[in-house]
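> I'd like to go over a predicted model; first the sequence, then the structure.
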Amino acid sequence: NAGVMQNPRHLVRRRGQEARLRCSPMKGHSHVYWYRQLPEEGLKFMVYLQKENIIDESGMPKERFSAEFPKEGPSILRIQQVVRGDSAAYFCASSQRTGFGTDTQYFGPGTRLTVL
Amino acid sequence: AQSVTQLGSHVSVSEGALVLLRCNYSSSVPPYLFWYVQYPNQGLQLLLKYTTGATLVKGINGFEAEFKKSETSFHLTKPSAHMSDAAEYFCAVCEDTGRRALTFGSGTRLQVQP
């Protein structure tokens, strides 16, 4: 059973360009979470999605950032008009809703975004 | 609001020595607690978790952690460090309120000296 897949693993963008990060959850998982890790810091929650629904986006910056998890295909985290401060590692996690106490999140390898 | 404090951003131990990584949390409701390990340029791997029941939790690679409600702590231990344990360790909390986001501590980098 493949784990959480993220691509690309590394992404370089110039200021003002768009970045699209993809996440395929583990098989059978219908919940996806995005986290951002700035250098020398812990992970910070951004958004929680289920298929076709955004459940909690309280950690998302108000502008330039959006996320989706369509019925078919991977979840996408989109950053428009990137700035240097967006440089970070972006991690996706997925979980299977079997009951809250066992709702463990499994993490992908991350996408490291560098903005020049 | 929930929060996690990891005391010591860097911990260095000798191979074979006891590993103790500290984690204290703040939560207004009974928490679920997790320890994750991150190797360089990799994602996070779950070491162990506490949800309910026994307060001493055993995880992978010989690690264990004890939930102490009175001390609001969830310290991670391993009796004997191995070189392969060198990594960054993150403590995380999730409240049983329906909001499923994990709140992470800032991490502790463990060095193991030969």
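Thanks, I have it.
> strand partners (parallel or antiparallel) of the strand or helix carrying A:R112?
If you go by DSSP states H and E, A:R112 is part of strand A:111-115. Looking at strand A:111-115 with DSSP bridges, its partner strands are strand A:10-13 (parallel), strand A:88-95 (antiparallel).
> which of these is buried the deepest?
strand A:88-95 (a mean of 24; mean count of other Cβ atoms under 10 Å in any protein chain shown). C-beta here means a position set from N, CA and C on the backbone, and glycine is covered the same way.
> chain center to that one, what's the gap?
5 Å (Cα atoms, centre = their mean, to the nearest Å).
> what comes into contact with the following helix or strand past it?
Next helix or strand after strand A:88-95 toward the C-terminus (DSSP H and E): strand A:106-107. Contacts with strand A:106-107, where a contact means Cβ atoms under 8 Å, 6 or more residues apart in numbering or on different chains, come from A:3-4, A:26, A:29, A:91-95, B:36, B:43-46.
> pLDDT and distance to A:V47 added to those, as a markdown table?
Putting those into a markdown table (pLDDT from 0 to 100; distance: Cβ to Cβ, whole Å) gives the following:
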| residue | pLDDT | distance to A:V47 |
| --- | --- | --- |
| A:G3 | 89 | 20 |
| A:V4 | 93 | 15 |
| A:M26 | 93 | 18 |
| A:H29 | 89 | 16 |
| A:F91 | 95 | 12 |
| A:C92 | 96 | 10 |
| A:A93 | 94 | 11 |
| A:S94 | 93 | 13 |
| A:S95 | 89 | 14 |
| B:Y36 | 95 | 19 |
| B:G43 | 84 | 17 |
| B:L44 | 90 | 17 |
| B:Q45 | 92 | 22 |
| B:L46 | 93 | 21 |
